[in-house]
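**Student:** what follows is a predicted protein model with its sequence.
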2 protein chains.
Amino acid sequence: MTGHHSLEDTEKAVEAKLGGLPLQWEQMQAAANIHRAAAAVRLHFENSVLRGPDLTWTAFVVLWVVWIWGEMETRYVAKEAGITKGTLTGVVKTLEARGLAVRTKHAADGRLVLISLTGKGEELMRTLFPAFNAEEAFVTERLSTSEAKTLAALLRKVVSQVEDHGEERRAALR
Amino acid sequence: MTGHHSLEDTEKAVEAKLGGLPLQWEQMQAAANIHRAAAAVRLHFENSVLRGPDLTWTAFVVLWVVWIWGEMETRYVAKEAGITKGTLTGVVKTLEARGLAVRTKHAADGRLVLISLTGKGEELMRTLFPAFNAEEAFVTERLSTSEAKTLAALLRKVVSQVEDHGEERRAALR
DNA sequence: TCCCTATTGTTTGGATCCAAACGATACCGC
DNA sequence: GCGGTATCGTTTGGATCCAAACAATAGGGA
């Protein structure tokens, strides 16, 4: 939507294509922009602060979660990081190979695996996070603090809508 | 941020970890939620409307762009869809194999490749898009029309900030 | 004690995804 | 014409990413 076509161009083209079909334009704009913004922001981070330490976005998020909360079971890390268990296995494997995190078996429950940061991982986050947060401030620079708060709140509504009713909705559509 | 920890818990843990370091909390929340929302929405779409036609999110976006704008040069499709040229090559290959899109050489400029939809692709979009838009309405159901408009506008600010000043920012950080 | 079910992390298979290198084509200046 | 530069799409290499199948473990009930 941000290419060489203006918003008005796009709306006209869409309506021409749909020919009178009712369209939820504002909702469409909102949903589409969520992804544009996410992709743009992610790319900016991977090509700025995450470039030096050679981390992907996901790897950083996993590090962040474990850094903040400390040693943590795999399933919870996946949930907090917003990825599946399978994906997490691969990411942690990468982090482990680079000496940033370690896997530990749970003492009581043999099914569980605990993930924690190494000293090197802790040290990395201590220096990296302030720089990361500075980029978060950069990408939201055109927003006032109040607007940033509003943005976060509106997005939270979307997330909770999908998390609370997504499953039943998908079931109903099947 | 939406796991089993509350927002207040997270904020406390982060501040404890940072130990007095100044933190842009609202900006951080906004940036983080963009990705949470994007991932949640994308997953919902891939597991609902896109499940039947077996399309990935990206494949659908590419189809959508070409559907709306008609035959289009590869570079513009990539830009509109928000992916790199290399990624687009692979996606179009998939779409072509499934008979939904075709590649055509540009008559005058031998470097260019035009992408367009087949009849089958057109037909698919005609039936699929209304269902897609209905899901866009679903994920934004907790937002009023006015809020949806606000959300789109705030996100647009983020996107344009990164697109307008991201490159120089990244250059300055190097 | 022994099965039966539920839960957890890993593996598998296929499709993205990006950056960077690459080959082909166009076009500009001489 | 003609070489040098710029632009375009493709290929390559490596890392995700998800869903689904899988193996291992836990825990309850007969």
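**Tutor:** Structure's in. What do you need?
**Student:** show me where chain A has helices.
**Tutor:** A:7-18, A:25-46, A:57-69, A:74-81, A:85-97, A:119-139, A:145-173 (DSSP state H).
**Student:** let's have those helices in JSON lines, adding distance to residue B:48 and mean neighbour count.
**Tutor:** In short, each C-beta sits where N, CA and C put it, glycine included. Formatted as JSON lines, those follow (distance: least, Cβ to Cβ, whole Å; neighbours: other Cβ atoms under 10 Å in any protein chain shown):
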{"stretch": "helix A:7-18", "distance to residue B:48": "20", "mean neighbour count": "14"}
{"stretch": "helix A:25-46", "distance to residue B:48": "13", "mean neighbour count": "23"}
{"stretch": "helix A:57-69", "distance to residue B:48": "24", "mean neighbour count": "21"}
{"stretch": "helix A:74-81", "distance to residue B:48": "21", "mean neighbour count": "20"}
{"stretch": "helix A:85-97", "distance to residue B:48": "21", "mean neighbour count": "15"}
{"stretch": "helix A:119-139", "distance to residue B:48": "30", "mean neighbour count": "17"}
{"stretch": "helix A:145-173", "distance to residue B:48": "5", "mean neighbour count": "18"}
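**Student:** quick one: end-to-end distance for stretch A:92-108.
**Tutor:** 22 Å (Cα to Cα, to the nearest Å).
**Student:** contacts for it?
**Tutor:** For stretch A:92-108, the surrounding residues in contact (Cβ atoms under 8 Å, 6 or more residues apart in numbering or on different chains) are A:59, A:62-63, A:66, A:71, A:73-74, A:112-118, A:120-121, A:124.
**Student:** near DNA strand C, which residues of chain A?
**Tutor:** A:39, A:43, A:46-47, A:73-75, A:78, A:85-86, A:88-90, A:92-93, A:103, A:111-113 (Cβ under 7 Å from any atom of the strand).
**Student:** apply 6 Å and report the result again.
**Tutor:** A:39, A:43, A:47, A:73-75, A:85-86, A:89, A:103, A:111-113 (Cβ under 6 Å from any atom of the strand).
**Student:** dump the helices of chain A to JSON lines, plus mean pLDDT.
**Tutor:** Below are these laid out as JSON lines (pLDDT from 0 to 100):
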{"stretch": "helix A:7-18", "mean pLDDT": "77"}
{"stretch": "helix A:25-46", "mean pLDDT": "90"}
{"stretch": "helix A:57-69", "mean pLDDT": "92"}
{"stretch": "helix A:74-81", "mean pLDDT": "91"}
{"stretch": "helix A:85-97", "mean pLDDT": "92"}
{"stretch": "helix A:119-139", "mean pLDDT": "91"}
{"stretch": "helix A:145-173", "mean pLDDT": "89"}
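**Student:** can you put the ones you listed in CSV and add distance to residue B:29?
**Tutor:** Below are the helices of chain A laid out as CSV (distance: least, Cβ to Cβ, whole Å):
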stretch, distance to residue B:29
helix A:7-18, 27
helix A:25-46, 13
helix A:57-69, 14
helix A:74-81, 15
helix A:85-97, 23
helix A:119-139, 9
helix A:145-173, 4
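**Student:** so which of the ones you listed is nearest residue B:20?
**Tutor:** helix A:119-139 (11.8 Å; Cβ to Cβ).
**Student:** now the angle from the closest one to helix B:145-173?
**Tutor:** Between helix A:119-139 and helix B:145-173, the angle comes out at 120 degrees (axes from the mean of the first three to the mean of the last three Cα atoms, to 10 degrees).
**Student:** which residues touch residue A:33?
**Tutor:** A:1, B:151, B:152, B:155, B:156, B:159.
**Student:** could you find the closest non-adjacent residue to it?
**Tutor:** residue B:155 (3.9 Å; Cβ to Cβ, 6 or more residues apart in numbering or on different chains).
**Student:** one more: residue A:46?
**Tutor:** Distances taken as Cβ to Cβ, 6+ apart put residue A:57 closest to residue A:46, at 5.8 Å, once the chain neighbours are dropped.
**Student:** that neighbour contacts residue A:42, correct?
**Tutor:** Yes. Between residue A:57 and residue A:42 there is a contact at 5.0 Å, judged by Cβ atoms under 8 Å.
**Student:** hey, what's in contact with both of the two?
**Tutor:** residue B:35.
**Student:** what does chain A put close to DNA strand D?
**Tutor:** Residues of chain A lying near DNA strand D (Cβ under 6 Å from any atom of the strand): A:56-59, A:83-84, A:86-87, A:90-91, A:94, A:109-111.
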